[in-house]
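Visitor: take a look and give me a structure for this.
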Amino acid sequence: MPDGSHDYLQRIGRLIRDARKHRGLTQHQLAETIGTSQSAINRIEQGHQNLSLEMLSRIGDALDSEIVSLGHSGPMHLRVEGGQRLAGTISVKTSKNAGVALLCASLLNKGKTTLRKVARIEEVNRILEVLASVGVKARWLNADNDLELTPPATLDLANLD
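Guide: Numbers count the residues shown, from 1 in each chain. I've put the predicted structure just below:
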């Protein structure tokens, strides 16, 4: 195997491992889902297994994560490592339920966060109530369902409802 191929396999393996862990799956559970062995998943995550596009597609479907995309430019994954100040805008494709996760993720930002086109569903309303109980201010900005969130200097976890 050429040297560069092994590097790519290791990087893909790390992406798969991270996506699997994010989903709370063991190697065994992922293997069962895609119809392979746990040892194959281990080799894939270590970068020691050649991968077909079909296998990458099955893994991506099982993890609900686009590991590889054909005909699309731009990053598929976002990795944040501590110690650096973050600022900017991220555009994501979301489902109506993704708003719940994005609302919780907004707590990682010490400043205002604006979420665009947030679905006004009951789950979002419940999370907004929880966030309000710890001091987060939320305000709907317009008819497009843009939502502004402003956290307090310190979250009041004693009042978590």
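
Visitor: how far does stretch 112-127 sit from its chain's centre?
Guide: Centre-to-centre, stretch 112-127 and its host chain are 17 Å apart (CA atoms, centre = their mean, to the nearest Å).

Visitor: so that it lines up with my notes, have the first residue be 50 from now on.
Guide: I'll keep to 50 as the first residue from here, and by that count the last item is stretch 161-176.

Visitor: in it, what's buried?
Guide: Residues 162, 164, 167, 173, 176 are the ones in stretch 161-176 that count as buried (16 or more other CB atoms under 10 Å). Every residue, glycine included, has its C-beta placed from N, CA and C.

Visitor: show me what contacts the residue nearest to the fourth one when sequence neighbours are not counted?
Guide: Right, residue 173. For residue 173, ignoring the flanking residues on the chain, the nearest one in space by CB to CB, 6 or more residues apart in numbering is residue 148 at 4.9 Å. Taking CB atoms under 8 Å, 6 or more residues apart in numbering, we find residue 148 in contact with 164, 167, 168, 170, 172, 173.

Visitor: for those, which one is nearest residue 103?
Guide: Nearest to residue 103 among the contacts of residue 148 is residue 168, at 33.5 Å by CB to CB.

Visitor: re earlier: just the pLDDT at the residue nearest to residue 173, thanks.
Guide: On the pLDDT scale, residue 148 is placed at 81.

Visitor: for it, pull up the helix or strand it's in.
Guide: Assigned by DSSP states H and E, residue 148 belongs to helix 147-154.

Visitor: with residue 166 instead?
Guide: Per DSSP H and E, there is no helix or strand for residue 166.

Visitor: pretty sure it sits against residue 195.
Guide: Yes. At 6.9 Å, residue 166 and residue 195 qualify as touching, with contact defined as CB atoms under 8 Å.

Visitor: packing partners of the lowest-mean-pLDDT helix or strand in the chain?
Guide: Lowest mean confidence among the helices and strands of the chain (mean pLDDT, DSSP states H and E): helix 52-71, at a mean of 83. In terms of contacts (3 or more CB pairs under 8 Å, 6 or more residues apart in numbering; DSSP states H and E), helix 52-71 is packed against helix 87-95, helix 102-112.
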